[in-house]
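# sharing a model prediction with you, sequence too.
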There are 2 protein chains.
Amino acid sequence: MNSSVEENYLKALFMLSGTKGEATVNEVSRFLDIKMPTVNSMMKRLSEKGLVIHENYKPLRLTEKGKLEAALVVRKHRLTEMYLVEKMGFGWEEVHHIAEQIEHIHAPDFFNKMDELLGYPTVDPHGSPIPSKEGSIIATPYIQLSDCLVGDRVELMAVGQSSASLLKYLNTRELALGALIHIDEIEPFDRSMHVSYSDRTSVVLTSLVCDSLLVRRVES
Amino acid sequence: MNSSVEENYLKALFMLSGTKGEATVNEVSRFLDIKMPTVNSMMKRLSEKGLVIHENYKPLRLTEKGKLEAALVVRKHRLTEMYLVEKMGFGWEEVHHIAEQIEHIHAPDFFNKMDELLGYPTVDPHGSPIPSKEGSIIATPYIQLSDCLVGDRVELMAVGQSSASLLKYLNTRELALGALIHIDEIEPFDRSMHVSYSDRTSVVLTSLVCDSLLVRRVES
DNA sequence: TAAATATATTAGTATACTCTAATATTTTGT
DNA sequence: ACAAAATATTAGAGTATACTAATATATTTA
């Protein structure tokens, strides 16, 4: 059984390993806000436990076992977020810090019950996929809004980072998952976008925001 | 902010301090299944934090601050148990080990939401009182079934210990909170009782069980 | 390619929480 | 009241998780 701390390292590595399936000590260090030597020695431990592959001065990779255990933590996190929003009435910007703690609870029956009460959801309130009990995750083919072009019509599918500040920002602009967005204009010098959606027009989104919005092109 | 471990010591002391408002190192040690020297040094720490009063070779007592913080942990535990039973459909014997973990979560909004969704309950599924946000607890004037006499008619109000084994035992006998129990007979040699309730008659309860059942006399 | 910078590792230290063994004190039983 | 038993404390050690400082390797830049 992994400790909460170990679970956090596994989750970090899981979330940082992109398509390449690897991440560096430095990335994990910055992500968790824990100094590199600490990360280094923890990775050595996880490597001895058969959860991480770690050769000196090489990037970190999760083993299959590590991938599964990390995915299950993410699963608990996202199921919890979904439950908090759907069944308890929290806003999508309020649930992260609660789920961050509940994800470390060891009680399969508790998470299975949430899953059941929610009707076996596949995405969380931020549009991120919920890994299955087997650790498999449905790849999302979404693209960043910042990669779209003037005239594109897209649907907001997920947010890349679920920081409370970004989510509150979206709340004040009434920009929710599922919104159909039309790109009216792109400022070349700062890559900010003028977009329209619902009954709003000419809303300006900075490039930082556009990077975090994951969308799907819609035939127009 | 207290750690989960510290919270467990506070809770133990809170629950063990009876009317006298004190408990010994040994009692806490047995209750938590942690060796005495460990308890001793932790109590020294809590004493430095102003949560416990601890003079050498004297019993332990919670300060007002310690009492409040302990009560709030118990509050989180019992609110959680109530939520799990009432809103998620768990049986009363399944919720203890889950609540034991959730009680250490730091998220007032989460527990306030449970409280609200439950309609501000004052007792948990086992009949134990839920401390208020101010740490006050409604004293329960219940007596042990084992203190009653032949012919008494009582209502089952709470169970003194919520071990899964006792609760399952009660489940199989269909003995639930609120049951009206009549004491038919008491075996003098082992203090076991023959009781009737609902449509059951001559059910035998051992003295161990009778000690754990908290009841209120009903005028007959 | 050499120097500068970034990243990674090692070594040593600190705190939280646990233990066992040894000792001190209090309580109990005769 | 004294010996035995129970309880409490001190001392010393171990694991988990963090840190800083020093060093080693890798990458970038000029």
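Cool, got the structure.
# could you verify that A:Asp190 is part of a helix?
No - in this structure, A:Asp190 is coil, not part of a helix, as judged by DSSP: H, G, I helix; E, B strand; the rest coil.
# so it touches A:Thr206, yeah?
Yes - using C-beta atoms under 8 Å, A:Asp190 makes contact with A:Thr206 at a distance of 7.3 Å. Where you see a C-beta, it was placed from the backbone N, CA and C, and this is true even at glycine.
# higher neighbour count, these two?
A:Thr206 (14 against 10; other C-beta atoms under 10 Å in any protein chain shown).
# my guess is A:Ile53 contacts A:Leu46, does it?
No - counting by C-beta under 8 Å, A:Leu46 is not a contact partner of A:Ile53; they are 9.6 Å apart.
# which of these two has more residues huddled nearby?
Each of A:Ile53 and A:Leu46 has its neighbours counted (other C-beta under 10 Å); A:Leu46 has more, 23 against 16.
# measure the nearest residue to the more buried one once chain neighbours are set aside to A:Ala23 for me?
Using C-beta to C-beta, 6 or more residues apart in numbering or on different chains and skipping the chain neighbours, the partner closest in space to A:Leu46 is A:Val52 (4.1 Å). Using C-beta to C-beta, to the nearest Å, A:Val52 is found at 10 Å from A:Ala23.
# more neighbours: those two, which one.
Neighbours were counted for A:Val52 and for A:Ala23 using other C-beta under 10 Å; A:Val52 has more, 23 against 20.
# re the thing from before, which neighbours do A:Val52 and A:Ala23 share?
Common neighbours of A:Val52 and A:Ala23, using C-beta atoms under 8 Å, 6 or more residues apart in numbering or on different chains, are A:Leu13, A:Leu60.
# for chain A, give me the ranges with low pLDDT.
A:220 (pLDDT under 70).
# could you measure from A:Arg45 over to DNA strand D?
To DNA strand D, A:Arg45 is 6 Å away according to C-beta to the nearest atom of the strand, to the nearest Å.
# I should have written A:Ser132 there, sorry.
27 Å.
# which non-adjacent residue is nearest that residue?
A:Arg75 (7.4 Å).
# list the contacts for that neighbour?
By C-beta under 8 Å, 6+ apart, the residues touching A:Arg75 are A:Phe111, A:Ile130, A:Pro131, A:Ser132, A:Lys133, A:Gly135.
# and which of the residues you listed is nearest to B:Val195?
Looking at the contacts of A:Arg75 and their distance to B:Val195, the nearest is A:Phe111, at 39.3 Å (C-beta to C-beta).
# check for me that the closest one belongs to a strand.
No - counting by three-state DSSP, A:Phe111 is located in no strand; its state is helix.
# tell me the contacts of it?
Listed by C-beta under 8 Å, 6+ apart, the contact partners of A:Phe111 are A:Arg75, A:Lys76, A:Leu79, A:Thr80.
# just put those residues in TSV and tack on secondary structure.
Listed next are the contacts of A:Phe111 as TSV, based on three-state DSSP:
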residue	secondary structure
A:Arg75	helix
A:Lys76	helix
A:Leu79	helix
A:Thr80	helix
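# quick check: of the residues you listed, which lies closest to DNA strand C?
A:Lys76 (23.1 Å; C-beta to the nearest atom of the strand).
# could you report the separation of that closest one from DNA strand D?
17 Å.
# hmm, that residue is touching A:Ile102, no?
Yes - taking contacts as C-beta under 8 Å, A:Lys76 lies within contact range of A:Ile102: 7.1 Å.
# dump the residue contacts of the closest residue to A:Glu7 other than its chain neighbours.
Ranked by C-beta to C-beta, 6+ apart and with sequence neighbours excluded, the top spatial neighbour of A:Glu7 is A:Val73, at 4.9 Å. Residues near A:Val73 by C-beta under 8 Å, 6+ apart: A:Glu7, A:Leu10, A:Lys11, A:Phe14, A:Glu103, A:His104.
# which one of these is nearest to chain B?
Using C-beta to the nearest C-beta, A:His104 is the member of these that lies nearest chain B, at 8.3 Å.
# what residues are up against the closest one?
Per C-beta under 8 Å, 6+ apart, neighbours of A:His104: A:Ser4, A:Glu7, A:Val73, A:Lys76.
# and the one helix or strand A:Val85 maps to, what's buried?
In this structure, A:Val85 sits in helix A:64-88 according to DSSP states H and E. By neighbour count on 16 or more other C-beta atoms under 10 Å in any protein chain shown, the buried set for helix A:64-88 is A:66-86, A:88.
# what's the answer for stretch A:192-204, then?
Within stretch A:192-204, the residues that count as buried by 16+ other C-beta under 10 Å are A:Ser192, A:Met193, A:His194, A:Val195, A:Tyr197, A:Val203.
# can you pull the contacts of the nearest residue to the last one once chain neighbours are set aside?
Spelled out, that is A:Val203. Counting by C-beta to C-beta, 6+ apart, A:Val195 is the residue found nearest to A:Val203 once chain neighbours are left out, at 5.5 Å. Counting by C-beta under 8 Å, 6+ apart, A:Val195 touches A:Ile181, A:His182, A:Ile183, A:Asp184, A:Val203, A:Leu205.
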